[in-house]
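[1] take this sequence and fold it.
(one chain, ligands or ions: 2)
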Amino acid sequence: MRALRLLAWKSEPELVEVDEPTPGPGQVVIRVGAAGACHSDLHLMHDFEAGAVPWNPPFTLGHENAGWVHALGSGVTGLEVGQPVAVYGPWGCGTCARCQLGIDTYCENPAGAPVPGGGGGLGLDGGMAEYLLVPAARHVVPLPEGLDPVQAAPLTDAGLTPYHAVRRSWGKLPPGSTALVIGVGGLGHVGVQILKATTAARVIAVDTKDEALALAREYGADLTLRSGEQAVAEIRAATPGGRGADVVLDFVGVDATLRMGAASARTVGDLTIVGIGGGTLPVSYFSVPYEVSIQTTYWGSRPELVEVLDLGARGLVRPKTTTFGLDEAVDVYRRLQAGEVAGRAVIVP
Ligand SMILES: [Zn+2]
Ligand SMILES: [Zn+2]
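    Ligands and ions are numbered 1, 2, ... in the order given. Model (predicted):
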């Protein structure tokens, strides 16, 4: 079968021929219906080097996958060949306290996982191929009625990651509150939808590009603003009494956006860094409003994936997708790098 593989750090992936996988005991092979092209893959290709993560190329890219059950390993029950499914992407050990809760992202026994701190497309073979081997059946989540694999694939990361970030701050988003979304790209535009679908907060979206702001408005943002020096004053002016945003979700994560986010936050608010831009924010007694909690998040939990798939099936959260063939995938990543992809690019093998 054909597979888009990262063969070495600091290189572009290549479309190569590999053997079709066969499932061992407890494993499942998925016929891939769609695999999302994630901005984080660009960091894998261009920024990472040996030692940055506890795994290395070669492996097939694609950590945002959905399709149909193709083959079941011995002992797998509750799934049927041909059934449409999504794949929960972070693959932990399955037995530690975090994995028992479905929080494989923060597996505390990485040595017991199929690959430490990774998953399909992240150290192990991912979904940018005709078939995907899932090492444990618990990662295979049946799709609810009304959701096809092309819609479901981006929900497993571009949906799940902002969902987790929004959900953990639900308590700070009652009616009357304000949420600020910084960066309306592959994740941010879904973040806007999730905020609108699951909270009554007023949503302000900030980006450098007009198309991104139009996308945010299309999905229900109450106010969109161009980022820049003036943005903080505009954000504060748009909140009652100039108090600022109760929850700031930074989907970019560079110095400038972190600075803007901190300056725009309301006291006792949350500033959540979702984007892996690698920026830093000086934190001192005087540098952020009182009791603002600053945190990073990574992906989301398996129970949250079930919830986000439900939002997708009901049409409440629908990532904007453009589909491409596997032979276009290398070029798709180049366009992603150049900022030329609106919403999420999805590879249909
Ligand atoms: Zn991703
Ligand atoms: Zn674990």
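[2] identify the bridge partners of the spatially closest residue to residue 64 that is not a sequence neighbour.
    Once flanking residues are discounted, residue 64 sits nearest to residue 36: 3.3 Å by CB to CB, 6 or more residues apart in numbering. Where C-beta positions appear, they are placed from N, C-alpha and C, glycine not excepted. Beta-bridge partners recorded for residue 36 (DSSP bridges): residue 346.
[3] tell me how far residue 134 lies from residue 86.
    With distances taken as CB to CB, to the nearest Å, residue 134 is found 11 Å from residue 86.
[4] before we move on, what about residue 104?
    For residue 104, the distance to residue 86 (CB to CB) stands at 14 Å.
[5] quick one: which of those two has more around it?
    residue 86 (32 against 26; other CB atoms under 10 Å).
[6] can you tell me the SS state at the more buried one?
    Judged by DSSP: H, G, I helix; E, B strand; the rest coil, the three-state class of residue 86 is strand.
[7] show me what it is bridged to.
    Per DSSP bridges, residues listed as beta-bridge partners of residue 86: residue 66, residue 141.
[8] got a list of what it touches?
    Residues in contact with residue 86 (CB atoms under 8 Å, 6 or more residues apart in numbering) are 65-66, 140-141, 143, 149, 152-153, 155-156, 305, 309.
[9] repeat for residue 57
    By CB under 8 Å, 6+ apart, the contact set of residue 57 is 5-9.
[10] on that earlier part again, so the residue nearest to residue 64 touches residue 161, yeah?
    No - with contact defined as CB atoms under 8 Å, residue 36 does not count as touching residue 161 (11.1 Å).
[11] any idea which of the contacts of residue 57 is closest to residue 251?
    Relative to residue 251, the closest of the contacts of residue 57 is residue 6; by CB to CB it sits at 23.8 Å.
[12] do the worst-scoring helix or strand of the chain on mean pLDDT and ligand 1 meet at all?
    Across the helices and strands of the chain, mean pLDDT, DSSP states H and E gives its lowest value to helix 39-46, namely a mean of 92. Yes - Helix 39-46 reaches ligand 1 (CB under 5 Å from the ion) through residue 40.
[13] how about the nearest residue to residue 93, chain neighbours excluded?
    Once flanking residues are discounted, residue 93 sits nearest to residue 112: 3.4 Å by CB to CB, 6+ apart.
[14] gap between the residue of the stretch 51-200 of the chain found nearest ligand 1 and residue 210?
    Of all residues in the stretch 51-200 of the chain, residue 157 sits closest to ligand 1, at 4.2 Å by CB to the ion. With distances taken as CB to CB, residue 157 is found 26 Å from residue 210.
[15] out of these two, which sits in the more crowded spot?
    More crowded of residue 157 and residue 210, by other CB under 10 Å: residue 157, with 26 against 10.
[16] that one looks like it's in a helix, true?
    Yes - with three-state DSSP as the criterion, residue 157 is part of a helix.
[17] how about the contacts of residue 57 in JSON lines, adding pLDDT?
    Output for the contacts of residue 57, formatted as JSON lines (pLDDT from 0 to 100):
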{"residue": "5", "pLDDT": "98"}
{"residue": "6", "pLDDT": "97"}
{"residue": "7", "pLDDT": "97"}
{"residue": "8", "pLDDT": "96"}
{"residue": "9", "pLDDT": "97"}
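[18] out of those, which are inside strands?
    Members of the contacts of residue 57 lying in strands (criterion: DSSP state E): 5-6.
[19] noted, bye for now.
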